[in-house]
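A.B. asks: Need a 3D model of the following:
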Amino acid sequence: MVIWDDLFKTGVEEMDAQHKEIFRRLEKLRDQKDTARIPSLVEYFGKYLLMHLDEEQKLHQTTGYPKWGMHKSYHRYYAAQFETLKKKILKGGELAQAGKLIDKFIDEWFVQHIIIHDMEFAYFYKYGADEAGITPAYVNKAADNIAAEAAAKTREEQLEEALENRPNEIQRKTARFSNLK
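C.D. replies: From the prediction side, this is the model:
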């Protein structure tokens, strides 16, 4: 179970306040026992999460953060991951597990994102590009690596989604052949 810890503080007040709110909303969702309230809490959580990603991207742009485009690609990937998870919860009958599933999602990417990428931005925000070691060559190389990784994951996810959404021909055929035993 993921809970807010001051170790997640970046020192950028508006980011830290939003990060804390995400954890607060996660806790509210995780603690909900009434499955009838889960869909609205998932929406409540998701809207805030997407707003936070958007606000963070605006902050990157307004400060001239050299890696804002790469950071934005992370956010797009995370937003798509959340939407997939939201569909699984709301349409896939996973209401009772919603808190645990979103908790796992937050643990797998959000915590790592704060610790690595948001902390890097915070260092840039406080001390500037030279002190943070964010050179154009570094940014370009990292962006190429991120783009390739995101493209590969996207193809895998598309295939997985396609397989989940089509009728399960294999099960039907297996059932037909099992009757021949």
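A.B. asks: can you pull the pLDDT of residue 45?
C.D. replies: As predicted, residue 45 sits at a pLDDT of 90.
A.B. asks: Make sure residue 96 is actually in contact with residue 37.
C.D. replies: No: with contact taken as C-beta atoms under 8 Å, residue 96 and residue 37 are classed as non-touching, separated by 12.0 Å. Quick note: C-beta positions are derived from backbone N, CA and C, even for glycine.
A.B. asks: Can you name the helix or strand that residue 121 falls in?
C.D. replies: helix 119-127 (DSSP states H and E).
A.B. asks: Run through the neighbouring helices and strands of that helix.
C.D. replies: Judged by 3 or more C-beta pairs under 8 Å, 6 or more residues apart in numbering; DSSP states H and E, helix 119-127 is in contact with helix 38-63, helix 129-132.
A.B. asks: and those, which is most packed in?
C.D. replies: Counting by mean count of other C-beta atoms under 10 Å, helix 38-63 has the highest mean neighbour count of the helices and strands packed on helix 119-127, with a mean of 16.
A.B. asks: tell me which strands and helices that one is in contact with?
C.D. replies: Judged by 3+ C-beta pairs under 8 Å, 6+ apart, helix 38-63 is in contact with helix 13-31, helix 68-91, helix 98-105, helix 119-127.
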